[in-house]
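# sequence and predicted structure, then a few things I'm wondering about:
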Amino acid sequence: MLRRWPLLVVLVLATGCRSVAPAPTVPAVPAATPAPVAAAPRASEATRWIRDSAEHRAIFLQVFRQATAFVEQATAGRAPGTWAVVLDADETVIDNSLYQLERAEAGKAYDRESWRAWIARREATPLPGAGAFLERVRALGGRIVIVTNRNHSECPDTEAVFAAHALAFDAMLCKPDGGPSEKNSRFDAVAAGTTAAGLPPLEIVAFVGDNIQDFPRLTQAVRQQGDEAFAAFGARYFVLPNPMYGSWD
Ligand SMILES: [Mg+2]
């Protein structure tokens, strides 16, 4: 028992010493700084929602079914070939989210040159419900007019995408290269029978689009008006969601 005392004394003294006179601190060796790891570019939430969510598919099917029911009811008894539906193309009938995804993964934004190259690839795909809606309009005797702000020079590639996926249409009214993006004059031409496509005057029974400017005389300014300014939506006007880009952006 006694033989343990010296060790105990040493331990007590050592402990006491530490509290009185701290051992000199050894300069800390700086930890190796990890090489910065660049975050992998990630597509925006908007693009991922469009590409990955069940909700996106559900909404497109829902809207096109509602549009189908409306057109069936609104055109009962009308002579075939006297009426039309007008639709936008991008993010309404065809899906360009792969372009958005590729740009995000490359850490780049939209630009005109890359968009033109994407169009030339003809890789846009049909959106849910669009093809069935177009088929139904045609079966009911309606004309299908696509009013798109793709340029005239891009119209052949756009028509080829529609044809490749059996997306029915009677006229593709593109925007003159460098011309204004407003669509009202083209809507008016459909009604008046003055389009370059040579269609007769047509009563437009429904509009479908993802941008407020896909609907006659509407702009973002309508947001400041009362709900009555939106009365045609769900009845004659059918709007689809596009959180990736638009005149709101
Ligand atoms: Mg669009």
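All right, it came through fine.
# okay, CA-based contacts and neighbour counts for the rest of this
Will do.
# where do the helices of this structure begin and end?
Counting by DSSP state H, the chain has helices at residues 5-20, 45-52, 54-74, 97-105, 112-121, 130-139, 155-164, 184-192.
# the third one to helix 45-52, inter-axis angle?
Meaning helix 54-74. With axes from the mean of the first three to the mean of the last three C-alpha atoms, to 10 degrees applied, the angle from helix 54-74 to helix 45-52 works out at 70 degrees.
# how about the last one?
Here the directions of helix 184-192 and helix 45-52 differ by 40 degrees (the same axes, to 10 degrees).
# who in the protein is up against the ion?
D90, E91 (C-alpha under 5 Å from the ion).
# low pLDDT regions in the chain?
1-41 (pLDDT under 70).
# so A229 sits right up against V222, yeah?
Yes. Counting by C-alpha atoms under 8 Å, A229 touches V222, with 6.8 Å between them.
# for the helices of the chain, which one sits closest to I204?
Taking C-alpha to C-alpha as the criterion, I204 comes closest to helix 184-192 out of the helices of the chain, the separation being 6.7 Å.
# list the buried residues of the closest one.
Of all the residues in helix 184-192, those buried under the rule 16 or more other C-alpha atoms under 10 Å are N184, R186, F187, D188, A189, V190, A191.
# which helices and strands does that helix pack with?
If you count contacts as 3 or more C-alpha pairs under 8 Å, 6 or more residues apart in numbering; DSSP states H and E, helix 184-192 packs onto strand 143-151, strand 203-209.
# what's next to it, contact-wise?
Residues outside helix 184-192 that contact it (C-alpha atoms under 8 Å, 6 or more residues apart in numbering) are 86, 145, 147, 173, 195, 199-204, 216-217.
# let me have these in a markdown table, extended by distance to R116 and neighbour count.
Formatted as a markdown table, those follow (distance: C-alpha to C-alpha, whole Å; neighbours: other C-alpha atoms under 10 Å):
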| residue | distance to R116 | neighbour count |
| --- | --- | --- |
| V86 | 24 | 25 |
| V145 | 22 | 25 |
| V147 | 18 | 24 |
| L173 | 17 | 23 |
| T195 | 25 | 19 |
| L199 | 28 | 19 |
| P200 | 32 | 16 |
| P201 | 32 | 18 |
| L202 | 32 | 19 |
| E203 | 33 | 17 |
| I204 | 30 | 20 |
| P216 | 27 | 16 |
| R217 | 28 | 13 |
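# switch those over to JSON lines; also include distance to I119.
What follows is the contacts of helix 184-192, written out as JSON lines (distance: C-alpha to C-alpha, whole Å):
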{"residue": "V86", "distance to I119": "21"}
{"residue": "V145", "distance to I119": "20"}
{"residue": "V147", "distance to I119": "16"}
{"residue": "L173", "distance to I119": "16"}
{"residue": "T195", "distance to I119": "24"}
{"residue": "L199", "distance to I119": "26"}
{"residue": "P200", "distance to I119": "30"}
{"residue": "P201", "distance to I119": "31"}
{"residue": "L202", "distance to I119": "29"}
{"residue": "E203", "distance to I119": "31"}
{"residue": "I204", "distance to I119": "28"}
{"residue": "P216", "distance to I119": "26"}
{"residue": "R217", "distance to I119": "28"}
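# and which of these is nearest the ion?
Checking these against the ion with C-alpha to the ion, the nearest one is V147 at 9.5 Å.
# who are the contact partners of that closest one?
Going by C-alpha under 8 Å, 6+ apart, V147 touches V86, L87, D88, A89, M172, L173, C174, K183, R186, F187.
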